[in-house]
Each structure stands twice: as structure tokens, then as C-alpha cells.
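> Just to be clear, the model below is a prediction. Sequence and coordinates:
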Amino acid sequence: MQPTYVLVHGAFANSFSFAPLQGELGLLGHRSVAVDLPGHGFQATFTPAYQAPQDPGGLATAPGAIKGVTLADNAAHLIGILERAKRNGPVILVSHSRGGITATAAANARPDLIDRIVYVSAWCPVRLDVGDYYAEPEMAGVDPAAFASALAGNPADLGLLRVNFRTANPDALAAFKAAFFADGTDEQFLAFLNTFQPDENLDAGGPADRAQAATWGRIPRTYIRLADDASLPLALQDRLIREGDELTPDNPYDVRTLEGSHLKWLVDPAPAARALGELATLS
């Protein structure tokens, strides 16, 4: 039976960023569904203070709909979509970046709904919480404070992360491009940046949300490495793969590699669509 690819976005992103990939998958004959996690897509908050001319004071204080959204909320929402997709046949769950945390939580809870789980340069914490990996050698070249100049408001006061992706600050824009899309043109980079939403939730999970051998560990899995990713470096991707394989050595990752940065595969999606399409025969 034809599988359904369920696509889960990363931080500050939404289902819109998967449109080119879905087009390529569709032209290859594959069915796909792009998810908007709670508080994303058309549920996102775009305060008038975010429009031009911007109001920095208003942007720093305006409430956001994603406040209070938890990883459990994300996982429950995704599970509801997986339940519907599963009625139509096999399900291949594909996550990118921070979306891997939600995919892992859903797999821990309902492995019966997933025929293959795919991480595309995505987080799948095994031994540590996500935040703790940033102190590890594999992340030494990643500076979490590099985007500080674009942070809009105090996360503790807002109850969410808010980043001004519409900033014209050249240092902030250069940091974004270097981290996410160094191999894209300036025009492509700005076009993608304008698909981001300013708000993201604060809950990246804890020890109970790491990959669990008894549930997550029994699902066939693939990791698609992004060779030139600067925000989730190849060394960290390889560590996540290694830790997952050590957790369930009888069910190791099927590992594949695509050239390009964190976002290149979404802007130039044909290679990724072919790689994902090949997995339909494995599930």
C-alpha cells in the first residue's frame, strides 16, 4: 500500500516550508501531509508591532498564542494526525530540526502508528536533554547567543521565544544566513526567512522525552544527514545516530546523506524527495 509521508517542521517554521518538497513528492507519486504544530502556521501570532514600521516596544510585550504550549501538546496534536493517516495505510513520519523532538515523543507514546521514522538533520535525544547537547564538543562551533541581537523581548516575561526575523540588522542577518542557509543566495535566504514566524514555545522536553528503547526503538528508522549543516553540525548528527544505534543495536538507523545546509534541502527539494521516495519500498 502507498504510504503517507507526515512532515513535521522545526522551530519557528510551519507547514508552508514543505510546499516545494510536497510538490516534488507528489510528482513522484507520493502522498504527503505537512503538519502545523500548535501555535504555528495560521495559528501563529503576528502582532501589528511586527509589521513595518516596527514597534520594538510593542513587539517585546505583545502576548503570543504559543505561550504555554508544551511538548506534550505538540506530541498529542501529531498523534491525532498520525491516527488519521494510519487509516489509509503505512505512515512514514519525517521530522526536521526541532521537529525531531516532537516526532520522538510521539514515537515513544504510539509506535503502532508509525511504520518508519525519518530524521532529516533533526533532534533525537537519547542520552541527554536537547539543551545539554549544546555543552558537548560536537556543538562547540555553534553559538546559541549569535542571534541575541534579534531576540525580541524577555522569554521569561513573554512565556515564549520571540525572534525578530524581519530585522534589518546586518549582523543578525549574517548570523542567520551562516547558521541556516550559507549555500543559498541572499534572495533565497530572505525569501525563506520571511516564512518563519516570530514565536516558538519554550518546552524542548526532558529526560522522559528522550528516545525509549521499548517503543521508539522498535520502529524502523532512517537518519538523513545534511553534510553542510552549521546549526546542527554533522558531528552532532552522527552522535545522535550512534547513540540511537547503541540504544537498540538490533534496529540501527538506515543512514543517508544529502549535501547542503540546514534549509537547502527544502529550497532545492528534488534530491530529498528522491531519497524519501526510496523509503516507501522499505516500509
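That came through, no problem. Numbering: from 1, shown residues only.
> From now on I want contacts and neighbour counts done on CA atoms only, so please keep to that.
Fine.
> Next, A280: secondary structure please.
Following DSSP: H, G, I helix; E, B strand; the rest coil, A280 is assigned to helix.
> now do D229
For D229, the assignment made with three-state DSSP gives coil.
> Wait, it touches H262, no?
Yes. At 4.8 Å, D229 and H262 qualify as touching, with contact defined as C-alpha atoms under 8 Å.
> quick one, which of the two is more surrounded?
Higher neighbour count among D229 and H262: H262, with 27 against 24, using other C-alpha atoms under 10 Å.
> Now do the same contact list for the more buried one.
S121, A179, F180, F181, L226, D228, D229, A230, S231, L232 (C-alpha atoms under 8 Å, 6 or more residues apart in numbering).
> so what sits against both of D229 and H262?
Residues touching both D229 and H262 comprise S121, A179, F180, with contact defined as C-alpha under 8 Å, 6+ apart.
> Identify those among those residues that sit within strands.
S121 (DSSP state E).
> Closest to F16 out of the shared contacts of D229 and H262?
F180 (16.9 Å; C-alpha to C-alpha).
> Skipping its backbone neighbours, what lies nearest the closest one in space?
Spatially, and ignoring its direct neighbours in sequence, F180 is nearest to H262 (5.1 Å; C-alpha to C-alpha, 6 or more residues apart in numbering).
> which SS state does that neighbour fall under?
From three-state DSSP, the assignment for H262 is coil.
> What distance do you get for it to L113?
28 Å (C-alpha to C-alpha, to the nearest Å).
> swap in D55?
Note on D55: its distance to L113, by C-alpha to C-alpha, is 45 Å.
> now R210
From R210 over to L113 (counting by C-alpha to C-alpha), the distance is 18 Å.
> The two - which one has more neighbours?
More crowded of R210 and L113, by other C-alpha under 10 Å: L113, with 24 against 21.
> How about the contacts made by that one?
L113 neighbours (C-alpha under 8 Å, 6+ apart): I79, L82, E83, K86, V91.
> Tell me both backbone torsions, phi and psi, for the residue located most distally from the centre of the chain.
Among the C-alpha atoms of the chain, the one most distant from their mean position (C-alpha atoms, centre = their mean) is that of P53, at 30.1 Å. With angles defined as degrees, to the nearest 10, P53 sits at phi -70, psi 140.
> same deal with the one 5 residues further on?
Dihedral pair for G58: phi -70, psi -40, per degrees, to the nearest 10.
> burial of it, as a residue count?
15.
> and what of N169?
12.
> what's the distance between it and F196?
17 Å.
> Let me know the pLDDT of G89.
With respect to pLDDT, G89 has a value of 97.
> who touches it in this structure?
Taking C-alpha under 8 Å, 6+ apart as the test, what G89 contacts is M1, Q2, P3, T4.
> and the last one, what are its bridge partners?
If I follow you right, that is T4. Assessed by DSSP bridges, T4 has beta-bridge partners R31, V91.
> Turn the shared contacts of D229 and H262 into TSV, columns for neighbour count, pLDDT and distance to G29.
Below are the shared contacts of D229 and H262 laid out as TSV (neighbours: other C-alpha atoms under 10 Å; pLDDT from 0 to 100; distance: C-alpha to C-alpha, whole Å):
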residue	neighbour count	pLDDT	distance to G29
S121	31	98	24
A179	21	94	33
F180	22	96	29
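> Can you tell me which of the shared contacts of D229 and H262 lies closest to Q237?
S121 (6.4 Å).
> hang on, the closest one packs against D238?
No. Judged on C-alpha under 8 Å, S121 makes no contact with D238 at a distance of 9.6 Å.
> any shared contact partners between the two?
R225.
> what pLDDT does N169 get?
92.
> A49 too?
As predicted, A49 sits at a pLDDT of 97.
> Assumed it was part of a helix.
Yes. The assignment for A49 by three-state DSSP puts it in a helix.
> check contacts around it.
Here A49 is in contact with D55, P56, G58, L59 (criterion: C-alpha under 8 Å, 6+ apart).
> How many neighbouring residues does the closest residue to V8 other than its chain neighbours have?
Excluding its sequence neighbours, the residue lying closest to V8 (C-alpha to C-alpha, 6+ apart) is S95, at 4.6 Å. Using other C-alpha under 10 Å, S95 is surrounded by 27 other residues.
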